[in-house]
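Asks: Generate a structure from the sequence data that follows.
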Amino acid sequence: MDIDVLGALAVRENGLSVTPTAPKPRQVLALLALHADQVVPVATLIEELWGDRPPRSARTTLQTYVLQLRDLIATALRQDPEGAEPRSAKDVLVTTPGGYLLNTDGGTSDVREFERLAGLGYRAMDAGDFPGAARQLGDALSLWTGSALADVQAGTQLEMETRRLQETRLCALDQRIEADLRLGRHRELLAELTVLVSRYRTHENLHGQFMLALHRSGRRSEALDVYQRLRAVLVRELGFEPSAGLRRLQRSILMSGPEPALDPVAAGGSGERLSRVG
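Replies: From the prediction side, this is the model:
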C-alpha cells in the first residue's frame, strides 16, 4: 500500500485508489494512513468523527465506514500478482483489540520519507555539511504538494496532526534556508523569502533570514525595513518586541559591520515562535 498525505489524501493498493469520496470514511482512512502500521484506538476514531458528542450508534457507524473501506481494498486486491499469497481486505485493514490498523505491507509513505530525509538533513547540518543538508532537506520538502490532507474534512485529531506536520515542514524549511545562506546563496533566496515572510507575518527566524539575505545582497535599507515591519506587527498583534537575537542582527546591519551569522535559537527560531505563526 502506498500512502500520500502531504497534500491531497491518496491511498493506493496495487496502484488502484482505495480513497473514498464520502467525507466520514475519508476521515477514518486519513487517520489510519497517518498512523499506518500502528493501532488507532476506536475511541480516537470516534473523537475524530464526532468530537466529544458522539451519537449512541457511533461504534456501529464506524464499523460501517470500515466495511466501506474494506470493499474498496478488496477490489484493489483482485489485482494482486498471480501466485502471490492470498490476502483479504481484513489483512490490510486489520481489526485489533480496541482499534484498527492499516497494514502497508512494506509500501511507501510520503510522511515517513519526509521524516527520513529531513533527519538526514539535520544530521548533515550538525556535521557542517551544508551542501548535503540543503540537498536532503530540499528533497524532503519537495514531497509536499500542498497543505497536509488538504482535501479531507478534519476533526480534532486530524487538526492536531496537520498542525504537527506543518511545524515539521517549517522546521525543515528553516534549516534548508539556513544551509543555503551558509553556502552564499542569498540572492537566490530573496524571491522565496519574500513570499514566506508575507505568509508567516510573525515568524522571526524567517524574517531574520530575509534580512540577512537582503543585507548580503547589498540591500541594507530594505533589510532594515523588514525589521521595522516585523516589529510593528509583533507589538501591535502580540504585544512584545522582537527577540534579542533579531535586535542584534538589526544593530549589526545598521552599523554595516561584518556580515552576522544568524543564530536560529537566539533569534526566536522555528521552535520558539512556531505556535505564534500568523
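Asks: Pull the contacting residues for residue 66.
Replies: Applying CB atoms under 8 Å, 6 or more residues apart in numbering, we find residue 66 in contact with 28, 93, 95, 100. Quick note: C-beta positions are derived from backbone N, CA and C, even for glycine.
Asks: Could you pull up phi and psi at residue 101?
Replies: When read as degrees, to the nearest 10, the backbone of residue 101 gives phi -140, psi 130.
Asks: How about it: what's its closest non-neighbour residue?
Replies: residue 94 (4.4 Å; CB to CB, 6 or more residues apart in numbering).
Asks: Contacts for whatever helix or strand that neighbour lives in, please.
Replies: Using DSSP states H and E, residue 94 sits within strand 93-96. For strand 93-96, the external contacting residues (CB under 8 Å, 6+ apart) are 32, 39, 66, 69, 70, 73, 100, 101, 102, 103.
Asks: May I see the buried residues of stretch 89-97?
Replies: Going by neighbour count (16 or more other CB atoms under 10 Å), the buried part of stretch 89-97 is 89, 92, 93.
Asks: do you know how far the second one is from residue 247?
Replies: Read it as residue 92. 55 Å (CB to CB, to the nearest Å).
Asks: what's the answer for the last one, then?
Replies: Taking CB to CB as the measure, residue 93 falls 54 Å from residue 247.
Asks: ok, now residue 122?
Replies: 27 Å.
Asks: The two - which one has more neighbours?
Replies: residue 122 (17 against 14; other CB atoms under 10 Å).
Asks: and the more buried one, how far is that from residue 131?
Replies: Applying CB to CB to residue 122 and residue 131 gives a distance of 15 Å.
Asks: Confirm residue 12 sits in a strand?
Replies: Yes: Residue 12 sits within a strand when classified using DSSP: H, G, I helix; E, B strand; the rest coil.
Asks: I'd say it and residue 18 touch.
Replies: Yes: contact status for residue 12 versus residue 18: in contact at 6.7 Å, counting by CB atoms under 8 Å.
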